[in-house]
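1. I'd like to go over a predicted model; first the sequence, then the structure.
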Number of protein chains: 4
Amino acid sequence: MNITLEQAEKVIAAAKKKATDIDTKMNISVVDSGANQVAFARMDGAWLGSADIALKKAKTARFFDMPTGEIGKLSQPGEPLYGIEHSNGGLISFPGGVLLKNKNGDIIGAVGVSGSTVDNDHTVATAGAEAL
Amino acid sequence: MNITLEQAEKVIAAAKKKATDIDTKMNISVVDSGANQVAFARMDGAWLGSADIALKKAKTARFFDMPTGEIGKLSQPGEPLYGIEHSNGGLISFPGGVLLKNKNGDIIGAVGVSGSTVDNDHTVATAGAEAL
Amino acid sequence: MNITLEQAEKVIAAAKKKATDIDTKMNISVVDSGANQVAFARMDGAWLGSADIALKKAKTARFFDMPTGEIGKLSQPGEPLYGIEHSNGGLISFPGGVLLKNKNGDIIGAVGVSGSTVDNDHTVATAGAEAL
Amino acid sequence: MNITLEQAEKVIAAAKKKATDIDTKMNISVVDSGANQVAFARMDGAWLGSADIALKKAKTARFFDMPTGEIGKLSQPGEPLYGIEHSNGGLISFPGGVLLKNKNGDIIGAVGVSGSTVDNDHTVATAGAEAL
């Protein structure tokens, strides 16, 4: 099962709407089930450095099939996955990356959002995911 | 002067329409005047490896303010820019990357297209650029 | 559609057998339809540097859905795709990478082989692909 | 002394069996005494991001001739090897990488396993190592 471009654009549109509603400017990246980017948008005035973070959040969520924030809990000093961010050309392990599933619950990709607080990033990513 | 996301999405929509008209499946990347990606779309079934090429074409066009194919003429063996592709984390110097200008002729970004022959790539990129 | 590990191991077993039959020592890599590695084997005494080449051949074949040697014809000096090897973190565009398809003809991955002449590499990769 | 492909495949087979016994899906990588990959397998449904981690665990174990978890104790904030993960293109310093030795006790390579908790990863890697 893999996401289509039409679905990815729906995710980005919903994420942009939520970002605007909460008065933030976001970078939004959508990857497919193979962790390859399908669509991306940087809202006007959003941080330049957040483009790569959005992509890495989307990839990280799909790489381990969980929200990025869950990995971050496990990668703190003294925790089991400390230092995991050094793998795969760089992971991002704080919130803002969530899985994308179809109506049957199959994983079809992931969305990563970056540009505000991690709470806002996660809120916007979740709004994107719920558009499917 | 810099491209807005709304303009970048217009470029991508026009490029997608042209790609469909000529029966191709494309990866389309738009960068701003700072050569940072603003928007990206991979059409369903388009080559996975062309995503990076589309981005590199857009960056290359803006890095040197000319269509990518012009650089490729100068980077052949024996020519003045031989090997320039090794710079900037990898350039792509064949056709498919063109500049984006506003109505006053100011450069506001670039679009890169990859997924078919270089002639088709250039045709689709040009269609995107003309949407502005 | 995506390759299973069992299918990937069948591909590697068939490639190893062919490599032995023609008295060569090969590195053999299998990627899935998302261009992510599924299985790998380096035969005893095979070139160390060919492990990365085998993987890049498999990825390159899947990135553009054609045998790697076809890309190499187009990437020579003066040809349309000159310099394409600079994309995607490094491509390999000489023979030895071929697509893997299921009985319905769907692409499910690719195999890359490196360790001898490119003709031998291609022969061994093809033997691997025919095991499916 | 160096591992053969036949031995590496024995390690992977034993690791796969243990992974199945404890109901996990693993990425398993075997490197030789030169820290170069000999064999790799990703079990169906195993995390995509764990392939690179499995390889890095195997390399890390051989790079410093100790189980990866031992290095992780030393690389915590305030400890002597803090930040060592930045070397060698990225190390992984949590459990799941163990040395491979022949019957004489000579180091002939290492195995890295990733795909579950670090305890499970270590258990599966150890089962692989004991197959020799």
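-> Cool, got the structure.

2. contacting residues for A:Ile84?
-> If a contact means CB atoms under 8 Å, 6 or more residues apart in numbering or on different chains, then A:Ile84 has A:71, A:74-75, A:91, A:93, D:53, D:92, D:94 as its contacts. (Glycine included, C-beta is placed from N, CA and C.)

3. Pick out the residue of chain A closest to chain D.
-> In chain A, the residue found nearest to chain D is A:Phe63; the distance is 2.5 Å by CB to the nearest CB.

4. a strand runs through that residue, doesn't it?
-> No - with DSSP: H, G, I helix; E, B strand; the rest coil as the criterion, A:Phe63 is helix rather than part of a strand.

5. surely it meets A:Ala35?
-> Yes - under the criterion of CB atoms under 8 Å, A:Phe63 is in contact with A:Ala35, at a separation of 6.2 Å.

6. What number of residues are in the vicinity of the residue of chain A closest to chain D?
-> A:Phe63 has 27 neighbours, counted by other CB atoms under 10 Å in any protein chain shown.

7. next one: A:Ala131
-> Other residues within reach of A:Ala131, judged by other CB under 10 Å, total 17.

8. repeat for A:Glu6
-> Residue neighbour count, defined by other CB under 10 Å, stands at 9 for A:Glu6.

9. Could you do the one 10 residues further on as well?
-> Around A:Lys16 sit 19 other residues, with neighbours defined as other CB under 10 Å.

10. residues contacting it?
-> Residues counted as contacts of A:Lys16 (CB under 8 Å, 6+ apart) are A:26, A:28, A:41, A:43.

11. Quick check: neighbours shared by A:Phe63 and A:Ala35?
-> The contact sets of A:Phe63 and A:Ala35 overlap at D:48-49 (CB under 8 Å, 6+ apart).

12. Kindly list the longest helix within chain A.
-> Ranked by residue count, the top helix of chain A under DSSP state H comes out as helix A:5-21.

13. Can you tell me the centre-most residue of chain A?
-> Of all residues in chain A, the one closest to the mean position by CA atoms, centre = their mean is A:Gly112, 1.5 Å from it.

14. tilt between the one helix or strand that residue maps to and helix A:5-21?
-> Secondary-structure assignment from DSSP states H and E places A:Gly112 in strand A:107-114. Calculated by axes from the mean of the first three to the mean of the last three CA atoms, to 10 degrees, strand A:107-114 forms an angle of 30 degrees with helix A:5-21.

15. hmm, strand A:107-114 in reach of chain C?
-> No - for strand A:107-114 and chain C, the contact criterion (CB under 8 Å from any CB of the partner chain) is not met; the two come no nearer than 10.6 Å.

16. Enumerate the residues of chain A near chain C.
-> Taking CB under 8 Å from any CB as the contact definition, chain A meets chain C at A:32-36.

17. Of those, just say which sits nearest to D:Thr20.
-> Minimum separation from D:Thr20 among the residues of chain A next to chain C (CB to CB) is found for A:Ser33, which lies at 23.4 Å.

18. So what does that closest one have for phi and psi?
-> When read as degrees, to the nearest 10, the backbone of A:Ser33 gives phi -70, psi -20.

19. just the one 3 residues further on next, same as before
-> When quoted as degrees, to the nearest 10, the phi and psi of A:Asn36 stand at phi -100, psi 140.

20. quick one: it from chain B, how far?
-> For A:Asn36, the distance to chain B (CB to the nearest CB, to the nearest Å) stands at 5 Å.

21. Find me the pLDDT at that residue, would you?
-> According to the predicted model, the pLDDT of A:Asn36 comes to 97.

22. That one contacts C:Ser33, correct?
-> No - here A:Asn36 does not reach C:Ser33: they are 10.3 Å apart, not a contact under CB under 8 Å.

23. A:Lys56 is in what secondary structure piece?
-> Assigned by DSSP H and E, A:Lys56 belongs to helix A:50-64.

24. Mind checking what secondary structure the nearest residue to A:Lys17 once chain neighbours are set aside has?
-> Nearest residue to A:Lys17 in three dimensions, chain neighbours excluded: A:Ala127, at 7.4 Å (CB to CB, 6 or more residues apart in numbering or on different chains). In the three-state summary, A:Ala127 is assigned as helix, counting by three-state DSSP.

25. Show the contacting residues for A:Ala127.
-> Going by CB under 8 Å, 6+ apart, the list of residues near A:Ala127 reads A:14-15, A:17-18.

26. Now do the end-to-end distance for stretch A:98-105.
-> Using CA to CA, to the nearest Å, the end-to-end distance of stretch A:98-105 comes to 14 Å.

27. angle of the helix holding A:Lys56 against strand A:107-114?
-> 150 degrees.

28. hmm, helix A:50-64 in reach of chain B?
-> Yes - counting by CB under 8 Å from any CB, contacts between helix A:50-64 and chain B involve A:Ala51.

29. what is the mean pLDDT for that helix?
-> For helix A:50-64, mean pLDDT is 98.

30. going on from that helix, what's the next piece of helix or strand?
-> Later in the chain than helix A:50-64, the nearest helix or strand by DSSP H and E is helix A:68-74.

31. Tell me which other helices or strands whichever helix or strand comes after that next one touches.
-> If you walk from helix A:68-74 toward the C-terminus, the next helix or strand you reach (DSSP H and E) is strand A:97-101. Applying 3 or more CB pairs under 8 Å, 6 or more residues apart in numbering or on different chains; DSSP states H and E, one finds that strand A:97-101 makes contact with helix A:50-64, strand A:107-114, helix A:118-129.

32. Take the ones you listed and lay them out in a markdown table including distance to B:Ile107.
-> Putting these into a markdown table (distance: least, CB to CB, whole Å) gives the following:
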| stretch | distance to B:Ile107 |
| --- | --- |
| helix A:50-64 | 20 |
| strand A:107-114 | 27 |
| helix A:118-129 | 31 |
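
33. can you list the residues of chain A near chain D?
-> A:34-35, A:59-60, A:62-65, A:77-78, A:80-84, A:86-89, A:91.

34. what about 7 Å?
-> Along chain A, the residues adjacent to chain D under the rule CB under 7 Å from any CB of the partner chain are A:35, A:62-65, A:77-78, A:80-83, A:86-88.

35. Farthest-apart pair in those, please.
-> Farthest pair in those, by CB to CB: A:Ala35 and A:Gly78, 28.7 Å.

36. out of those two, which sits in the more crowded spot?
-> With other CB under 10 Å as the criterion, A:Ala35 and A:Gly78 differ in neighbour count, and A:Ala35 comes out ahead with 21 against 9.

37. Is it correct that the more buried one is in contact with A:Arg62?
-> Yes - taking CB atoms under 7 Å as the contact criterion, A:Ala35 and A:Arg62 are neighbours in contact, 4.7 Å apart.

38. overlap in contacts of these two?
-> Both A:Ala35 and A:Arg62 are contacted by D:Leu48, under the criterion CB atoms under 7 Å, 6 or more residues apart in numbering or on different chains.

39. follow-up on the earlier one: between the contacts of A:Ala127, which is nearest chain C?
-> Relative to chain C, the closest of these is A:Ala15; by CB to the nearest CB it sits at 23.0 Å.

40. contacting residues for that closest one?
-> Contacts of A:Ala15 by CB under 7 Å, 6+ apart are A:26, A:28, A:111, A:113, A:124-125, A:127-128.

41. how about these in JSON lines, adding pLDDT?
-> Written out in JSON lines, the entries for those read as follows (pLDDT from 0 to 100):
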{"residue": "A:Met26", "pLDDT": "98"}
{"residue": "A:Ile28", "pLDDT": "98"}
{"residue": "A:Val111", "pLDDT": "98"}
{"residue": "A:Val113", "pLDDT": "98"}
{"residue": "A:Val124", "pLDDT": "98"}
{"residue": "A:Ala125", "pLDDT": "98"}
{"residue": "A:Ala127", "pLDDT": "98"}
{"residue": "A:Gly128", "pLDDT": "98"}
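
42. Mind telling me which residue of chain A is nearest chain C?
-> A:Gly34 (2.0 Å).

43. That residue - how many residues pack around it?
-> By the other CB under 10 Å criterion, the neighbourhood of A:Gly34 contains 19 residues.

44. Do I have it right that it meets C:Gln37?
-> No - using CB under 7 Å, A:Gly34 makes no contact with C:Gln37, being 11.8 Å away.
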